[in-house]
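# coords below, sequence missing:
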């Protein structure tokens, strides 16, 4: 399930800032030409001013039309682990997942992360997880990976990433219980593939950014039922 509505205002703000910059540049150039016109006694120069202004307007229109090409939003997403948080309430045997995600924009243009979903599948079943909240990871670790009010920053909302910048977020995901396409199903021991899809403002459709596999064993599920958290992580050993 992809949320599109919560960040429309911020999306518009980004567009408005860009358009305001274009308008300011246009006005500055226009003022320079008007001053030159007033100071000039050349009839030929005065006749060429409207043509120059028209050319500038065309250039600004072209820049606006090809803004995404001139100022691209080039997103990379990195993660190396999935954390099964300690249970805090009955959850139909559905595991609450905290995933640390680093978003890197290699482009010069800004963009918006509008929605995230995790598709978790085996040969037998598919689960869809969507964001519930943003987690204060320091408090989460200090609290022995148990979820409570002190380590929840707030509900997950779409967020912007400016050009040539990065941001890291720790996001709590929960399984969608009312998905028609992928009905709710419990966890069983198996090898699972975690595919992270992201919908960002420059694309009409979500795109898969990360795919990783983890083994969920009976011991992990039993530990969860007993109140123990588990970290699913690929090897951090360097190939040297």
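Nice, thanks for sending it over. Source: prediction; values computed, not measured.

# how much space between residue 234 and residue 168?
18 Å (Cβ to Cβ, to the nearest Å). Placement of C-beta: from N, CA and C, glycine included.

# for residue 146, same thing?
Counting by Cβ to Cβ, the gap from residue 146 to residue 168 is 21 Å.

# Over to residue 178?
For residue 178, the distance to residue 168 equals 30 Å [Cβ to Cβ].

# between the two, which one's more packed in?
Each of residue 178 and residue 168 has its neighbours counted (other Cβ atoms under 10 Å); residue 168 has more, 12 against 7.

# Not counting its neighbours along the chain, what's nearest the more buried one?
Leaving aside its chain neighbours, residue 168 sits nearest to residue 102 (4.6 Å; criterion: Cβ to Cβ, 6 or more residues apart in numbering).

# same question for the helix or strand harbouring that neighbour, mean pLDDT?
For residue 102, the element it lies in under DSSP states H and E is strand 97-105. Averaged over strand 97-105, pLDDT sits at 96.

# and what of stretch 205-218?
95.

# Pull out the buried positions in it.
206, 209, 210, 212, 214, 216 (16 or more other Cβ atoms under 10 Å).

# Which of the three states applies to the fifth one?
Spelled out, it's residue 214. strand (DSSP: H, G, I helix; E, B strand; the rest coil).

# now it, nearest residue through space, not along the chain?
residue 232 (4.2 Å).

# Tell me what the one you found is bridged to.
Beta-bridge pairing for residue 232 (DSSP bridges): residue 82.

# distance of it from residue 194?
Taken as Cβ to Cβ, the span from residue 232 to residue 194 is 8 Å.

# Are there residues contacting both of those two? Which ones?
Jointly contacting residue 232 and residue 194 under the rule Cβ atoms under 8 Å, 6 or more residues apart in numbering are 82, 214.

# Now for residue 230: which residues touch it?
By Cβ under 8 Å, 6+ apart, residue 230 lies in contact with 83, 84, 220, 223, 224.
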